[in-house]
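Engineer: Coordinates only, no sequence provided:
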Ligand code: SF4
């Protein structure tokens, strides 16, 4: 990889936290927190470039009802919505998360984690500050729970993202690290330009978005990695400050619109590791999205407000893997356990390994034009780069 881009969060971020959160790519860990590659725009503390927001309704008294996500915030003059990036200025609704990412990295696409999208390729990955959820176990809380004024942000408008992604040799752009829906307008415009330039658009999202903006985004989105945090509305209310139902609706919409979907379930001991609930979740995925939908069971590490909880035993992940297979899912993975055999992709038809992995590294592959080289079965996913429009 010839070029690495980095913008770092403005608040003090310890090296230990960088190591744990994964905000930084492995290749960047040797750099001091505020260093950047030669040629990258200088990150500036609090840089914002307010732009008109989409998806809202004007109410009486200059109030605004935000329609972007299920929180449906009512935002008074001078106030912001719960995500901290959408502001009502006397009835004008603006986003402060446009063209000012605080995290910009070239990551292996396996880190998203996408295991069925252009394996072994780099993905130009970015996020602004802010989030519309309050996960107590957030892996990237230092940027997700910050406002744009609190982070060091690059001046990186959509066209620049595309240019730099191409310069870095990335066949895809990934909107990730926080809930990218909160920088919806930036993601949408960048996605349109990226598609014209022949890049894939991918995102890692909690799926917490309203129906209309999701339909618009689905027109330019190629692949989505969606966190299904638990199959339990109580878990969502207690630990996420959200609701389960909108996430399921998002998954169904993406499936219907032909967006490639992979699901991540972070397994937290004693919180969402109940075998019955895992089985119900897997049956729902198999029935509603299809048995070939990739599902990643990911290991929890203590962080943020759950830093005193203990990590997920590998045996719990293996039990979840077994339950998912018994529920009919064919592509089940174990994540955050580098070197585990559960990282490999095995053909749903013949059971032989088609992509071997160790951590984010791709090993031997037995894929030919998206088909299993052993038996010829078509493996679900995106195996070819886009070409420019
Ligand atoms: S996007 Fe932000 S302001 Fe809009 S409803 Fe969601 S949390 Fe509230």
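Structural biologist: Looks like it came in fine. This structure is a prediction, so every number in the text was calculated from the model and none was measured.
Engineer: Every contact and neighbour count from this point should use C-alpha atoms.
Structural biologist: Fine.
Engineer: What mean pLDDT does the longest strand that the chain contains get?
Structural biologist: Scanning the chain for the strand with the most residues, using DSSP state E, yields strand 260-267. Averaging pLDDT along strand 260-267 yields 98.
Engineer: Check stretch 145-157 too.
Structural biologist: pLDDT averaged over stretch 145-157 gives 97.
Engineer: Does it reach the ligand?
Structural biologist: No: Stretch 145-157 is not in contact with the ligand by Cα under 6 Å from any ligand atom; minimum separation 11.7 Å.
Engineer: and the residue in the stretch 251-389 of the chain that the ligand sits nearest to, what is it in contact with?
Structural biologist: Closest approach between the stretch 251-389 of the chain and the ligand, counting by Cα to the nearest ligand atom: residue 251, at 18.0 Å. Counting by Cα atoms under 8 Å, 6 or more residues apart in numbering, residue 251 touches 207, 226, 261, 289.
Engineer: hang on, the earlier thing: what is the subsequent helix or strand relative to the longest strand of the chain?
Structural biologist: Using DSSP states H and E, the helix or strand that follows strand 260-267 in sequence is helix 275-284.
Engineer: for the stretch 51-200 of the chain, what spans make up the strands?
Structural biologist: Along the stretch 51-200 of the chain, the stretches classed as strands by DSSP state E, counting those that start in this stretch are 51-52, 56-58, 64-66, 74-75, 86-89, 92-95, 103-108, 122-127, 152-153, 172-175, 200-205.
Engineer: Quick check: residues of the stretch 201-350 of the chain near the ligand?
Structural biologist: Of all the residues in the stretch 201-350 of the chain, none lies near the ligand, going by Cα under 6 Å from any ligand atom.
Engineer: In terms of helices and strands, where is the residue of the stretch 251-389 of the chain closest to the ligand?
Structural biologist: helix 245-256.
Engineer: got the angle between that helix and strand 260-267?
Structural biologist: On the basis of axes from the mean of the first three to the mean of the last three Cα atoms, to 10 degrees, helix 245-256 is oriented at 150 degrees to strand 260-267.
Engineer: partner strands of the longest strand of the chain, parallel or antiparallel?
Structural biologist: Partners of strand 260-267 in the sheet, by DSSP bridges, are strand 223-227 (parallel), strand 295-299 (parallel).
Engineer: Assess the claim that residue 235 and residue 271 are in contact.
Structural biologist: Yes: with contact defined as Cα atoms under 8 Å, residue 235 and residue 271 form a contacting pair (7.4 Å).
Engineer: Settle it for me: which of these two has more neighbours?
Structural biologist: Shown here are residue 235 and residue 271; by other Cα atoms under 10 Å, residue 235 has more neighbours (17 against 11).
Engineer: ok, now how distant is the more buried one from residue 280?
Structural biologist: In this view, residue 235 and residue 280 are 15 Å apart by Cα to Cα, to the nearest Å.
Engineer: Next, count neighbours for whatever residue of the chain ends up closest to the ligand.
Structural biologist: Proximity of the chain to the ligand (Cα to the nearest ligand atom) peaks at residue 81, 3.4 Å away. The tally of other residues near residue 81 (other Cα under 10 Å) stands at 19.
Engineer: phi, psi of it?
Structural biologist: Torsion angles at residue 81 (phi, psi; degrees, to the nearest 10) stand at phi -70, psi 180.
Engineer: list the contacts for it?
Structural biologist: 66, 73, 74, 75, 87.
Engineer: Next one, pLDDT for the third one please.
Structural biologist: To tie it back to what came earlier, the one meant is residue 74. pLDDT at residue 74 comes out at 98.
Engineer: go on, the first one?
Structural biologist: pLDDT recorded at residue 66 is 98.
Engineer: which residues does it form a beta bridge with?
Structural biologist: Under the criterion used here (DSSP bridges), residue 66 is bridged to residue 56.
Engineer: is it true that it touches residue 76?
Structural biologist: No: counting by Cα under 8 Å, residue 66 does not reach residue 76; the two are 10.7 Å apart.
Engineer: Any regions of the stretch 201-350 of the chain where pLDDT drops low?
Structural biologist: The model of the stretch 201-350 of the chain has no residue with pLDDT under 70.
Engineer: Try it again at 90.
Structural biologist: 338-339 (pLDDT under 90).
Engineer: Kind regards, and thank you for your time.
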